[in-house]
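Visitor: everything below, folded, please.
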Amino acid sequence: MKQLTFPLMMLASIVFVGGCSSSSGGEMESSGGEREIHYLSNRTANQGQPRIVMPIMEQFQQDNPDVSLDLETIEQSDLVQRIQLLTASNALPDMFVYESAQLDDLISGDYIVNIEEALGEAGLLDNVRPAALDLMRQLSDTGEMYAVPMELNIEGFWYNKEIFQSLGLEEPQTWDELMAISDVLLENEIQPFALAGQDRWPITRFINAYAVRYYGVDAMQRVADGDLSITDEGFIKAAKTVQEMSERGYFGQGVNAMDYDAATASFLTGQSAMYYMGSWALGEMNDENQNHIGGPENIGFFNVPVVEGGVGTLEDYMMNAGIVTVFSKAGFDEPTREWFTYLYTHYADRAMSEHGMVSGLATSIEPSDDDPLTKLVLDELEQAESSALWFEATFNARKQELAETNAQQLIEGSLTPEQFMSALDE
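Guide: The predicted model follows:
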């Protein structure tokens, strides 16, 4: 079993963190019952996944009145440290959300349930979307799924249809065509891309998109396995291309001072024509108070274009499962198993019918006619043959910080593409 080590002062505090919820500063909400399943989330009962999970528990309790769900909410920024502390004290929650890129310590230590096996035993494995299963397997060194993708997001380029049509532009199939479109937009005094440089990770998404089209969907996994060097030609080309896009003015001025909300507003007010983002942004795109470009009907989507000499295809998609849900082995008793089966029998349908949310589990529910973007996402998912990890998915925390910080310097021109990749290699 892999041992997790922490500073002594942190270990000394574990008894308080694990034994008393109030010490974490989190909010608690219980559905009542003798077997309390402890559910740790980064959202309250009225937000995100819990707003779907908690009502399903109420239904479950009609036949299982002795089982309840004890929801504890903490800040996402505190999540990894909190779980590390609880792991060291063998006090993991029965059910909890976690950063998908940080699963391996929990897997190698045998702390969490093999979800692929559990869904198979429950007869639900066929309900997992193939692309979601492929993505989750990539996040584990074992090649099996250890977390439930309760959200499934495609990533790619969203664009303003009216702007494209007015200039006679079509969805690009190649990266060269994408660059040519950007030049036309600039000639017409329209910023090609909205980019939240202040948040840093949107910059590395561009680098990753090019690299995956050059090497294929397993690019970052091959780097993690040592089969590919991050200083190889394709990665240098990726960094060089993104730097060139910045130098040409494709991202506008002061990009590293622009945060997520500002970038989203830039796109939804027509100031920029394209926006690389995940489908988690549908909430803003569907919000009439934020979308001022003709509603969701005026937003199109195209997958990351292919690159010259690359092996990636348009059937390969960049995907992200966001915050995933895992179950601790210690808490996976018979009541929790029954709850697990009930939850994932009903979750996808409820998420779609009540919130238009796409999960990694298939649903027979069709989105409403006034939700064209969710329909678009589902259509794209149907076409997806395989999924790719994001740039930092296999990095440790220190390497992730370095990649994102240096990405800002890359697009400012203070780091060369070779320096950017060499720093990560070292």
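
Visitor: and the helices in the stretch 251-400 of the chain?
Guide: Taking DSSP state H, counting those that start in this stretch to define them, one finds helices in the stretch 251-400 of the chain at 260-268, 282-285, 334-355, 372-383, 397-412.

Visitor: could the ones you listed go into TSV alongside mean neighbour count, mean pLDDT and distance to residue 79?
Guide: (Glycine included, C-beta is placed from N, CA and C.) What follows is the helices of the stretch 251-400 of the chain, written out as TSV (neighbours: other Cβ atoms under 10 Å; pLDDT from 0 to 100; distance: least, Cβ to Cβ, whole Å):
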stretch	mean neighbour count	mean pLDDT	distance to residue 79
helix 260-268	20	95	19
helix 282-285	18	88	21
helix 334-355	18	95	20
helix 372-383	17	89	26
helix 397-412	18	93	13
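
Visitor: closest one to residue 108 among the ones you listed?
Guide: Proximity to residue 108 (Cβ to Cβ) singles out helix 397-412 among these, at 16.7 Å.

Visitor: dump the helices of the stretch 251-400 of the chain into a markdown table; add distance to residue 218 as well.
Guide: Shown next, in a markdown table, are the helices of the stretch 251-400 of the chain (distance: least, Cβ to Cβ, whole Å):
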| stretch | distance to residue 218 |
| --- | --- |
| helix 260-268 | 28 |
| helix 282-285 | 28 |
| helix 334-355 | 27 |
| helix 372-383 | 19 |
| helix 397-412 | 19 |
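
Visitor: which stretch among those helices comes nearest residue 81?
Guide: helix 397-412 (10.3 Å).

Visitor: contact partners of the helix or strand just after the closest one?
Guide: Downstream of helix 397-412, the first helix or strand assigned by DSSP states H and E is helix 417-425. Residues outside helix 417-425 that contact it (Cβ atoms under 8 Å, 6 or more residues apart in numbering): 229-231, 235-240, 243, 395, 399, 402-403, 406-407, 409-410, 415.

Visitor: hang on, the earlier thing: now for the helices of the stretch 251-400 of the chain, which one comes closest to residue 327?
Guide: helix 334-355 (6.6 Å).

Visitor: and the angle for the closest one with helix 372-383?
Guide: Comparing the axes of helix 334-355 and helix 372-383 via axes from the mean of the first three to the mean of the last three Cα atoms, to 10 degrees yields an angle of 130 degrees.

Visitor: restricting to C-alpha, output helix 334-355 in PDB.
Guide: As requested, the backbone C-alpha atoms of helix 334-355 are provided in PDB (Å, rounded to 0.1, in the frame of the first residue of the first chain):
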ATOM      1  CA  GLU A 334     -24.400  -2.700   1.600                       C
ATOM      2  CA  PRO A 335     -26.600   0.400   2.100                       C
ATOM      3  CA  THR A 336     -24.000   2.500   0.200                       C
ATOM      4  CA  ARG A 337     -23.900  -0.100  -2.600                       C
ATOM      5  CA  GLU A 338     -27.700   0.100  -2.900                       C
ATOM      6  CA  TRP A 339     -27.600   3.900  -2.900                       C
ATOM      7  CA  PHE A 340     -24.800   3.800  -5.600                       C
ATOM      8  CA  THR A 341     -26.900   1.600  -7.900                       C
ATOM      9  CA  TYR A 342     -30.100   3.800  -7.300                       C
ATOM     10  CA  LEU A 343     -28.200   7.000  -7.800                       C
ATOM     11  CA  TYR A 344     -26.600   6.100 -11.100                       C
ATOM     12  CA  THR A 345     -29.800   4.500 -12.400                       C
ATOM     13  CA  HIS A 346     -31.500   7.900 -12.100                       C
ATOM     14  CA  TYR A 347     -28.800  10.600 -12.200                       C
ATOM     15  CA  ALA A 348     -28.300  11.100 -15.900                       C
ATOM     16  CA  ASP A 349     -32.100  11.400 -16.700                       C
ATOM     17  CA  ARG A 350     -32.700  13.900 -13.900                       C
ATOM     18  CA  ALA A 351     -29.600  16.000 -14.800                       C
ATOM     19  CA  MET A 352     -30.800  16.300 -18.300                       C
ATOM     20  CA  SER A 353     -34.500  16.700 -17.800                       C
ATOM     21  CA  GLU A 354     -34.300  19.300 -15.000                       C
ATOM     22  CA  HIS A 355     -31.000  21.100 -15.700                       C
END
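
Visitor: residue 58: which of the helices of the stretch 251-400 of the chain is closest?
Guide: helix 334-355 (11.4 Å).

Visitor: which residues does the closest one contact?
Guide: Outside helix 334-355, the residues that touch it by Cβ under 8 Å, 6+ apart are 35, 37, 51-53, 55-57, 59-60, 64, 66-67, 69, 94-95, 118-119, 122, 124, 127, 148, 150, 327, 332, 357-359, 361-365, 367, 374.

Visitor: buried subset of the residues you listed, written for ChimeraX?
Guide: This is how ChimeraX selects the buried members of the contacts of helix 334-355, with burial counted by 16 or more other Cβ atoms under 10 Å:
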select :37,51,52,53,56,57,60,64,67,69,94,95,118,119,122,124,127,148,150,327,332,357,358,359,361,362,363,367,374
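
Visitor: on that earlier part again, the helices of the stretch 251-400 of the chain: which one's closest to residue 46?
Guide: Set against residue 46 and scored by Cβ to Cβ, these come closest in helix 334-355, at 11.7 Å.

Visitor: return the distance of that closest one from the chain's centre.
Guide: Once both centres are worked out by Cα atoms, centre = their mean, to the nearest Å, helix 334-355 turns out to sit 21 Å from its chain's centre.

Visitor: my guess is residue 262 meets residue 195, correct?
Guide: No - counting by Cβ atoms under 8 Å, residue 262 does not reach residue 195; the two are 10.0 Å apart.

Visitor: list the contacts of stretch 115-126.
Guide: So stretch 115-126 is contacted by 127-128, 133, 136-137, 144-148, 326-327, 332, 337, 340-341, 344-345, 361 (Cβ under 8 Å, 6+ apart).
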